[in-house]
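**Student:** can't give you the sequence, but here's the structure:
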């Protein structure tokens, strides 16, 4: 057998690939990471303006998705123009002039196409005058108006702004949609690396990645644009889900204490409850029991309606740790909420002979010394401070977990592998839960206990606030109690406190004269806050005037009416949480939202208030909130790498998201470009929600 020596080009068989010149059209992923300044027409000034839109690299520009496309319009000769239709015309400039009409600056060009002439008008765009020199070819979209041809979009010389399906991008005063269209056009690549396996693209009928980008930014039809967007959205969602699947795999390597089946302690706990657990609570408990029997640490999200009984389920999980001879801990984001949880848990724990301790930054040394011995510890981030010793932690509950940072939540479990139950009273749409909490199992308590009546909500304007307070006084005269929530005037807690104090004083002299009024805000000392809440719960106060410190945790069944002042200043989820402070008993409860006049509100503010009046279903409101605010801001803070999606629309793309999640479990162990892309996208990021 004869061996034939073959001389390979540099770059093959271990040669230095960097020395091997690649073909011009060879995909270069690094091109997307280059600064926008490499594009024609982008200097330092334009770069700074683009940065304000979050566009720093070529890749950022390509991910700047159009929010609409120009509809097709007929092309007409100028002689054929009518008044009622939008059309495109083409011709050349004969002359140009400008004049003022009040505040309007009007630029008028005489345009001819050989069949006739027309005066084309631009409003407040005087900088166009030098470009509209006689003899310049133009193409215009618009319609005949009062002052001639009203220009909606235009191309001077060559351009694409007037083309059918021309993309229209989110822009700013400093960077126009027209300029963005030009920059995106110059950024579109000839070729691009495609991380998806060929078999997957064939099976899912997906176009090439570079073709999808061209279809998104330069479509020949709306269907083509949507096909391109869906391919790019699928990439985003699949990369995210593979990252989350990797996180789940890593956790499966950790070992948690496998707890014995439910025993005598939780049986007694069921016996001391003054009510029967609902079907949804029982289902959540069964899911938690299944998790606790495994050695893989539980990572479960318990989400549910306001007042649906999540804390009852959380205490069940904590007691499972106690009956195994271990410790349970509940961490809440604020002192007020931690104190409320402690008061709620303390009574059943006392009846069961289970010791319970509270630890906040205000706790005294003797209270801190109780922590290692306590069966259950309730606290704030003080639980993770240096010097705090949690012994043999088996179950940790993190309430309103999105309010904690990644590092804070990690610190609670560091050096241990406890079972963790995450709780939220802010219902999250299923699609968002699959992204923000995609590495968690999810339990939902959809309905409150059967004896609770839906809270009746009304929206009234400031001129009718006297009637709202008259209704509130009727409840007080009938022996009920009430909340008045002060507006969020300033971000500063100190300023909020001062505003609340002034408002409480005004109300006591006015609408609430003769009633016992207490004031609750975040600047009160912990002891004073606890005393105030105890007095309100005991019926020693008629009205609690408060800031949003009562948003969660406060539970007074005798409180049956709430007034929220300047309700248009609050977010939808926050209003729903506030409303949940009433309706905790069997009596009919009411929430009155006071705002400025309808015409003074933004569309989003009016939509929030209308939604709150329309439904008490927190999951439905979460979907509305997702529509109004977008996924990236739903939880009040952006989720790093998770809800910062460029192409995907979570409401519209739920089927894509579900498919991506299924495929991620199949692809998580596959090496290749797709895994490399996941590592590149999420390098240095924690895939838990920030």
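**Tutor:** Noted; the coordinates are in hand. Computed from a predicted structure; not experimentally measured.

**Student:** remind me which residues of this structure are low pLDDT?
**Tutor:** Low-confidence segments of the chain (pLDDT under 70): 1-30, 386-387, 401-416, 430-431, 436, 448-451, 488-498, 549-554, 629-644, 683-690.

**Student:** Show me which helix runs longest in it.
**Tutor:** The longest helix of the chain (DSSP state H) is helix 222-252.

**Student:** and residue 121, how many neighbours?
**Tutor:** 19 (other CB atoms under 10 Å). C-beta: built from backbone N, CA, C; applies to glycine.

**Student:** How about it, nearest residue that isn't a chain neighbour?
**Tutor:** Nearest residue to residue 121, sequence neighbours excluded (CB to CB, 6 or more residues apart in numbering): residue 147, at 4.6 Å.

**Student:** cool, residue 442 as well?
**Tutor:** residue 301 (4.9 Å).

**Student:** still on that earlier bit, for the longest helix of the chain, which helices and strands make contact with it?
**Tutor:** Counting contacts by 3 or more CB pairs under 8 Å, 6 or more residues apart in numbering; DSSP states H and E, helix 222-252 is packed against helix 209-217, helix 430-436, helix 654-667, helix 673-681.

**Student:** could the ones you listed be laid out in a markdown table, adding distance to residue 261 and mean neighbour count?
**Tutor:** A markdown table is the format used below for the helices and strands packed on helix 222-252 (distance: least, CB to CB, whole Å; neighbours: other CB atoms under 10 Å):
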| stretch | distance to residue 261 | mean neighbour count |
| --- | --- | --- |
| helix 209-217 | 51 | 21 |
| helix 430-436 | 29 | 22 |
| helix 654-667 | 29 | 17 |
| helix 673-681 | 39 | 16 |
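
**Student:** Redo those helices as CSV? Include distance to residue 121.
**Tutor:** Output for these, formatted as CSV (distance: least, CB to CB, whole Å):
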stretch, distance to residue 121
helix 209-217, 29
helix 430-436, 45
helix 654-667, 44
helix 673-681, 47
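
**Student:** For residue 599, which of those helices is the nearest?
**Tutor:** When the helices and strands packed on helix 222-252 are compared by CB to CB, helix 430-436 sits nearest residue 599, at 32.5 Å.

**Student:** what's the next secondary structure element after the helix or strand containing the residue nearest to residue 442?
**Tutor:** Using DSSP states H and E, residue 301 falls within strand 299-304. As assigned by DSSP H and E, the chain's next helix or strand after strand 299-304 is helix 310-323.

**Student:** Quick one: name whatever helix or strand follows that following helix.
**Tutor:** strand 327-331.

**Student:** Run the angle between that following strand and helix 310-323 for me.
**Tutor:** Strand 327-331 and helix 310-323 are oriented at 150 degrees to each other (axes from the mean of the first three to the mean of the last three CA atoms, to 10 degrees).

**Student:** Strand 327-331 - contacts with which helices or strands?
**Tutor:** helix 310-323, helix 335-352, strand 376-379, strand 393-399.

**Student:** Out of these, flag the one nearest residue 245.
**Tutor:** With respect to residue 245, and counting by CB to CB, the nearest of the helices and strands packed on strand 327-331 is strand 393-399 at 22.1 Å.

**Student:** Quick one: list the elements packing against that closest one.
**Tutor:** Going by 3+ CB pairs under 8 Å, 6+ apart, strand 393-399 lies up against helix 310-323, strand 327-331, helix 406-413, strand 419-424.

**Student:** now for these, which one comes closest to residue 208?
**Tutor:** Of all the helices and strands packed on strand 393-399, helix 406-413 comes closest under CB to CB, at 35.7 Å.

**Student:** What is the longest strand of this structure by residue count?
**Tutor:** Under DSSP state E, the strand in the chain containing the largest number of residues is strand 87-101.

**Student:** Can you give me the buried ones in it?
**Tutor:** 87, 88, 89, 90, 91, 93, 96 (16 or more other CB atoms under 10 Å).

**Student:** burial count for residue 197?
**Tutor:** Neighbour count of residue 197, defined by other CB under 10 Å: 14.

**Student:** Would you check that residue 453 makes contact with residue 582?
**Tutor:** No - counting by CB atoms under 8 Å, residue 453 stays clear of residue 582, with 10.6 Å between them.

**Student:** Now do the shared contacts for those two.
**Tutor:** Shared contacts of residue 453 and residue 582, defined by CB atoms under 8 Å, 6 or more residues apart in numbering, are found at residue 589.

**Student:** and these two? which has more neighbours close in?
**Tutor:** Each of residue 453 and residue 582 has its neighbours counted (other CB under 10 Å); residue 582 has more, 28 against 13.

**Student:** Enumerate every residue touching the residue nearest to residue 442.
**Tutor:** Going by CB under 8 Å, 6+ apart, residue 301 touches 422, 423, 424, 433, 437, 440, 441, 442, 443.

**Student:** And these, which of them are buried?
**Tutor:** Using 16+ other CB under 10 Å as the burial test, the contacts of residue 301 include 422, 423, 424, 433, 437, 440, 442, 443 as buried.

**Student:** could those residues be laid out in a markdown table, adding distance to residue 650?
**Tutor:** Listed next are the buried ones among the contacts of residue 301 as a markdown table, based on distance: CB to CB, whole Å:
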| residue | distance to residue 650 |
| --- | --- |
| 422 | 20 |
| 423 | 22 |
| 424 | 17 |
| 433 | 10 |
| 437 | 13 |
| 440 | 17 |
| 442 | 15 |
| 443 | 21 |
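
**Student:** what's the closest of the residues you listed to residue 292?
**Tutor:** Using CB to CB, the buried ones among the contacts of residue 301 come closest to residue 292 at residue 443, 13.0 Å.

**Student:** I'd assumed residue 287 was in contact with the closest one.
**Tutor:** Yes - with contact defined as CB under 8 Å, residue 443 reaches residue 287; the gap is 5.1 Å.

**Student:** my guess is residue 256 contacts residue 299, does it?
**Tutor:** No - at 9.8 Å, residue 256 does not count as touching residue 299 under the criterion of CB under 8 Å.

**Student:** Verify the stated contact: residue 665 with residue 249.
**Tutor:** No - taking contacts as CB under 8 Å, residue 665 lies outside contact range of residue 249: 9.7 Å.

**Student:** ranges for the strands of the stretch 51-200 of the chain?
**Tutor:** 68-69, 87-101, 104-112, 117-123, 137-145, 148-156, 167-168 (DSSP state E, counting those that start in this stretch).
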